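1. The sequence and its predicted three-dimensional model are supplied below.
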Amino acid sequence: MSEKNNTQTDWFRQMIEEVQDYAIIRLDADGVIQNWNLGAEKIKGYPADEIVGKHFRIFYTAEDQASALPEQLMNQAVTKGKATHEGWRVRKNGNCFWGSTVITALHNEQGDVVSFSKVTRDLTERKLGEDRLKEYTQKLEFHNQELEQFTYLASHDLQEPVRKIETFAYRLLDKAGDELKPESRLYLEKIIAATGRMGSLMKAILNYSRLTYIEDSFVPTDLNKILQDVLSDFDLKIHEKQAVIEADRLPEVVGLPLYLNQLLYNLVGNALKFTRPGIPPVIRITCRLLNSGEKIRYGYPERSKCYHIAVADNGIGFSQEYAEVIFMIFQRLNAQHTYEGTGIGLALCRKIVMIHGGRIWASSTEGEGTTIHMLLCESGPEENSMMMQGWPG
C-alpha cells in the first residue's frame, strides 16, 4: 500500500512539475518559494536554482510591493482559504505580464496553515485584447457623439436659411406671380418644392440624431395601447383607402414608449403608403413567442421571454436583393413623385429596435407585399445578449 501511495505521489509531483501553461509554486508559511515547475520557469523566466528560497513578492511591481499586496493576498488566503487576483507581474528580465493568480492555504492535521500553493496563468494576450477593445469602444463612442452633435447642429442651423428661402419665394410668387413668365413661374415653384423637401430632410436628420439610448426612461409599455394610438392617427387614411387591419394580441415590453410609438407608426404608415393601385391594403400584425431553439439561434438567454412580431402587407413589395438597402438612411426604392417621404423611416425603425436590444429584417416579393419582422424581449435590452440588426441568419 505504501509503495502504491509513493507511486501516486511521484506521478502527481511529475505532473505538476511538467505543466507548462501554469506556474505552480509551493510557498512556506512566510511566502518563501519552496518548489518550482516548468510552467513557472516559462512564464516568469527564472530557473529553479535561481528562485527557490526567495520571497514571492519578487514577482510583483514596485507599487504592489509598496502597498504590501503580496502579504495581503497571503492573509486573505489564511482567513478565507484562498485569494484570487489579476494584475501586472514582473518577469526575470523586467518585462511585465498580466497574471491571474490563485493562492490557496494548505493545512496540517491540526488545521494550522503550514504552506501555500500559488497557481499563476499568463493572460497578457487576453488583457491586451480587452484594452484594445475598450480603447476602440471609447473612441467609437466619442466619434459617434461628435457625429450626432454635428448632425444635430447642422440640421438645426440649416433650417433657418432654408425657411427664409421658402418664405421669400412664396412672397415673390404671391406679389409678382401674375407678372412672371410661365417659365419663370415654373422655376419659382420648383424652388419652393425643393426647399420644402430640404426642410423635410433636415427635420428627419434631426429626429434621427436625437434617437439615442436612454436607460432611465425604459418602462413597461403595452404595445396594444401603442398600436391603438397609431391606428387612431391613421384613421382618415385607413378610411380613405378602405384598408383592413388585423392584429394579434401584442405583449407588454420594457421600452421607451415614444420610440415604440414611432416604430409602429412608421411600419403601419409604410404599409398604407406603398399600396397597389385599385387594391385596398390589408395589413396583418402577428405576434408569437420564440421557442427555445429560436432563442439559442438568435443569441437570447433561455430564461428570456421574447417575441417575433411581424407587420405584413399586400402592397407593391420589392425584390429581396434590396432587403438590407431599405434600412439604410435616405435609401429609396421608389421615385419621390410616386411615393412621398424622406427615406429615413425604416432607418429609424432599425435604430429603435436596436436600442431595445432586438433585431429587425424584411422579406418581400415584388408585386405581392412586404413583411417586416422584429424580435423584442419582454424585459427590454438588458435581457438580450446582443443588439443587432439585419438578417437573423
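-> Cool, got the structure.

2. isn't residue 60 right next to residue 69, touching?
-> Yes: Residue 60 lies in contact with residue 69 (Cβ atoms under 8 Å); the separation is 6.0 Å. C-beta coordinates here come from the backbone N, C-alpha and C atoms, glycine included.

3. Name the residue in the two with the higher neighbour count.
-> Just comparing residue 60 and residue 69: by other Cβ atoms under 10 Å the higher neighbour count belongs to residue 60, 22 against 16.

4. Could you measure from that one over to residue 88?
-> According to Cβ to Cβ, to the nearest Å, residue 60 stands 9 Å off from residue 88.

5. and if you look at residue 233?
-> 59 Å.

6. Check residue 161 too.
-> 56 Å.

7. more neighbours, the two?
-> The residue with more neighbours, out of residue 161 and residue 88, is residue 88; 14 against 11, by other Cβ under 10 Å.

8. in a strand, that's where that one is, yeah?
-> Yes: Residue 88 sits within a strand when classified using DSSP: H, G, I helix; E, B strand; the rest coil.

9. Would you mind measuring from it to residue 61?
-> From residue 88 to residue 61 the distance is 6 Å (Cβ to Cβ).

10. With residue 354 instead?
-> Distance of residue 354 to residue 61, computed by Cβ to Cβ: 42 Å.

11. circling back: find residues that contact each of residue 88 and residue 61.
-> residue 96 (Cβ atoms under 8 Å, 6 or more residues apart in numbering).

12. helices or strands up against the top strand by length along the chain?
-> When the chain is parsed with DSSP state E, its longest strand is strand 96-107. On a contact count with 3 or more Cβ pairs under 8 Å, 6 or more residues apart in numbering; DSSP states H and E, strand 96-107 meets helix 69-80, strand 82-90, strand 113-122, helix 124-176.

13. mind running it again at 10 Å?
-> Counting by 3 or more Cβ pairs under 10 Å, 6 or more residues apart in numbering; DSSP states H and E, the packing neighbours recorded for strand 96-107 are strand 22-28, helix 38-44, helix 69-80, strand 82-90, strand 113-122, helix 124-176.

14. and the ones you listed, which one is worst for confidence?
-> Ranked by mean pLDDT, the helices and strands packed on strand 96-107 bottom out at helix 124-176, with a mean of 79.

15. Can you report how many residues neighbour residue 355?
-> 22.

16. per-residue confidence at it?
-> In this model, residue 355 carries a pLDDT of 87.

17. residues contacting residue 283?
-> Taking Cβ atoms under 10 Å, 6 or more residues apart in numbering, we find residue 283 in contact with 231, 238, 243-247, 267-268, 270-272, 275, 311-315, 369.

18. Just the ones of those in helices?
-> Using DSSP state H, the subset of those located in helices is 231, 238, 267, 268, 270, 271, 272.

19. can you tell me which of these lies nearest to residue 359?
-> Nearest to residue 359 among those: residue 267, at 14.6 Å, using Cβ to Cβ.

20. Grab the nearest non-local neighbour of the closest one.
-> residue 311 (4.5 Å; Cβ to Cβ, 6 or more residues apart in numbering).

21. Tell me how many other residues surround the one you found.
-> The tally of other residues near residue 311 (other Cβ under 10 Å) stands at 24.

22. How about the contacts made by residue 70?
-> Contact partners of residue 70, counting by Cβ under 10 Å, 6+ apart, are 27, 31, 55-60, 64, 85, 101, 103, 118.

23. Please pick the buried ones from these.
-> 27, 31, 55, 56, 59, 60, 64, 85, 101, 103, 118 (16 or more other Cβ atoms under 10 Å).

24. what's near enough to touch the third one?
-> By Cβ under 10 Å, 6+ apart, the residues touching residue 55 are 27, 28, 30, 31, 32, 33, 65, 70, 71.

25. Leaving out chain neighbours, which residue sits closest to the first one?
-> By that I understand residue 27. Using Cβ to Cβ, 6+ apart, the nearest residue to residue 27 is residue 116, at 4.3 Å.

26. wait, doesn't the one you found sit right on residue 71?
-> No: if you go by Cβ atoms under 10 Å, residue 116 and residue 71 don't touch, sitting 11.9 Å apart.

27. Between the two, which is the more surrounded one?
-> Neighbour count, other Cβ under 10 Å: between residue 116 and residue 71, residue 116 has more, with 24 against 14.

28. Tell me what that one is bridged to.
-> residue 27, residue 105 (DSSP bridges).

29. circling back to that earlier point, common neighbours of residue 116 and residue 71, please.
-> 30, 31.

30. Which residues are in contact with residue 47?
-> Neighbouring residues of residue 47 by Cβ under 10 Å, 6+ apart: 36, 40, 41, 92.

31. just to revisit the earlier point, if I look at the residue nearest to residue 27, how far off is residue 104?
-> According to Cβ to Cβ, residue 116 and residue 104 sit 6 Å apart.

32. what sits in contact with each of those two?
-> 77, 82, 83.

33. measure the first one to residue 45 for me?
-> Translated: residue 77. 25 Å.

34. And the two? Which one has more around it.
-> residue 77 (22 against 16).

35. still on that earlier bit, could you tell me which residues touch both of residue 60 and residue 69?
-> Residues touching both residue 60 and residue 69 (Cβ under 10 Å, 6+ apart) are residue 87.

36. all strands for the stretch 151-300 of the chain, in order.
-> For the stretch 151-300 of the chain, the strands defined by DSSP state E, counting those that start in this stretch cover 219-222, 244-247, 252-255, 282-289.

37. Give me the residues contacting stretch 231-249.
-> 223-224, 227-228, 230, 261, 264-265, 268-269, 271-273, 275, 279-288, 309-314.

38. Please repeat the previous calculation with a cut-off of 6 Å.
-> When contacts are defined by Cβ atoms under 6 Å, 6 or more residues apart in numbering, stretch 231-249 is touched by residues 272, 280, 281, 282, 283, 284, 285, 286, 287.

39. returning to that earlier point: let me know the closest of the ones in helices among the contacts of residue 283 to residue 294.
-> residue 267 (21.3 Å).

40. Run through the chain and note the low-pLDDT ranges.
-> For the chain, the stretches with pLDDT under 70 are 1-19, 146-157, 197, 200-201, 203-216, 329-343, 382-393.
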